[in-house]
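Novice: below are the sequence and a predicted model for it; my questions follow.
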Amino acid sequence: MECITNIKNIGLRDIPVADTLICGIDPKKGVLIYRGYDVLDLAANATYEETVFLLLEARLPSAEELKEFSSRLAYFRQIPGEIIKSMRLRPSSASPMDVLQGAAAFLADHDPNIRDESRPAEVDRGLRIIGAFPTIVAAWERIRKGLAVIPPDPSLPHAADFLRMLKGARADTHTERDLDVCLILHAEHSFNASTFTARAVASTRSHTYGAVAAAVASLAGELHGGANTRVMMMLEEVGSKERAQEWVSRRLQEGKRIMGLGHAVYEVDDPRVKVLKPMAEAIGRRTGHTHWYELAVEIERVAKETFQRLKGRSIPTNVDFYSAPTYNAMGIPKDLFTPIFAVARTSGWVAHIIEERLGEAQGKPQLYRPQADYIGSYCGPDKCQWKPLKERS
């Protein structure tokens, strides 16, 4: 990595702050690795449950281990009734990510071993969170629509059961597998904003539920996980391929973002686009909803050409761009796109929280405590002198 002399006020971009054994990224070649395995190989061959095991245990499971692990994860999709009751108290207009953040924190009240900080207990705690998230998201969608909450079915895989709890009936096997792959692709991505948030909280010795709740808040931002919802809003605003050229040109000339394009790490297209783009096309054709995929392709083409002409360089497509038409074709409301991102990313968050809390890559745990240069100048070079209230003008 090239030496960066000015490290202030750049959002820690390209600044290594810790070692990790969990995830590697090659920004120039567009490669993403989970615990030594290329994410494209995992997307082609693994299930989400296998990927979670890999992230938490640093190896692939045997058949017997995967069966037992999947059973434990499915068991934890059952959430305490008190959490459902608390969700019913929220207004139907509440943001799904705000509801998810609150519920994540409530999970701490129902962990009987919350003071056990051993690795097995941390993994068990992580499975409670990973298991609960799809149930929480699906339950909130039904609560806000006045529908009955559907309990989880532990006989089903993680992705399939989420869609069933959300919709009230099982999806077709192609769509279930598509969502399973989406969860794999979104499971982990090194020191992104939400993962770094989770690790910073974990470094204080706060428990895992607090760290995950903080990560949910970070993911909700439109410059992070919230970007996939913004991509769908962009597609709806543009409306048709005929408007793409004019809309993109005006947007870039005004110095505004094209959501789903550009990345803080990759210099080439995000490798996950290689899976998501054809998936968006295929599911669009199966469901008869090709319009948004075709519009996304046109916006991507026009934006890349226009950006190259105006800026003299290329702009990469990121994971959010084709996630939006994919989830839309699944019939998922756009304000649930980011919660689904969270459903997937819990596995990465938990892996990083465990690594941070136990010092598995660093040798020993370390509290994150950066410094800032104070640039305030309120009374000249000296400190301000206190004045009693009656003497202030």
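Specialist: Arrived safely.

Novice: okay, now the unreliable bits of this protein?
Specialist: Confidence mapping of the chain against pLDDT under 70 gives the ranges 1-5.

Novice: domain ranges for it?
Specialist: According to automatic domain parsing, the chain comprises the domains 23-223+338-358, 227-328.

Novice: columns mean neighbour count and distance to P388 on top of these, output as CSV?
Specialist: In short, each C-beta sits where N, CA and C put it, glycine included. Supplementary listing: the domains of the chain in CSV, determined by neighbours: other C-beta atoms under 10 Å; distance: least, C-beta to C-beta, whole Å:
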stretch, mean neighbour count, distance to P388
domain 23-223+338-358, 19, 38
domain 227-328, 19, 48
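
Novice: so for D382, which of these sits nearest?
Specialist: domain 23-223+338-358 (34.5 Å; C-beta to C-beta).

Novice: measure the closest one end to end?
Specialist: One end of domain 23-223+338-358 to the other measures 17 Å (C-alpha to C-alpha, to the nearest Å).

Novice: and P134, what helix or strand is that in?
Specialist: Here P134 sits within helix 119-144, counting by DSSP states H and E.

Novice: reformat the domains of the chain as CSV; add distance to I375.
Specialist: As requested, those are exported to CSV (distance: least, C-beta to C-beta, whole Å):
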stretch, distance to I375
domain 23-223+338-358, 23
domain 227-328, 25
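
Novice: what is the helix or strand that comes right after the helix holding P134 packed up against?
Specialist: Counting by DSSP H and E, the element after helix 119-144 in chain order, helix or strand, is helix 158-167. In this structure, helix 158-167 packs against helix 48-57, helix 63-75, helix 119-144, helix 173-185, with contacts taken as 3 or more C-beta pairs under 8 Å, 6 or more residues apart in numbering; DSSP states H and E.

Novice: gap between the third one and the chain center?
Specialist: Translated: helix 119-144. Between the mean C-alpha location of helix 119-144 and the chain-wide mean there is a distance of 14 Å, by C-alpha atoms, centre = their mean, to the nearest Å.

Novice: what packs against that helix?
Specialist: Taking 3+ C-beta pairs under 8 Å, 6+ apart as the contact definition, the neighbouring helices and strands of helix 119-144 are helix 48-57, helix 63-75, helix 81-88, helix 96-106, helix 158-167, helix 208-219, helix 337-358.

Novice: could you do the second one as well?
Specialist: Other elements packing on helix 63-75 under the criterion 3+ C-beta pairs under 8 Å, 6+ apart are helix 48-57, helix 119-144, helix 158-167.

Novice: just to revisit the earlier point, do you know which of the domains of the chain lies nearest P16?
Specialist: Distances from P16 to each of the domains of the chain were compared using C-beta to C-beta; the minimum, 8.7 Å, belongs to domain 23-223+338-358.

Novice: can you classify the residue lying closest to V275 once chain neighbours are set aside by secondary structure?
Specialist: The shortest distance from V275 to any non-neighbouring residue, by C-beta to C-beta, 6 or more residues apart in numbering, is to A43 (5.0 Å). Assigned state for A43: helix (three-state reduction, DSSP: H, G, I helix; E, B strand; the rest coil).
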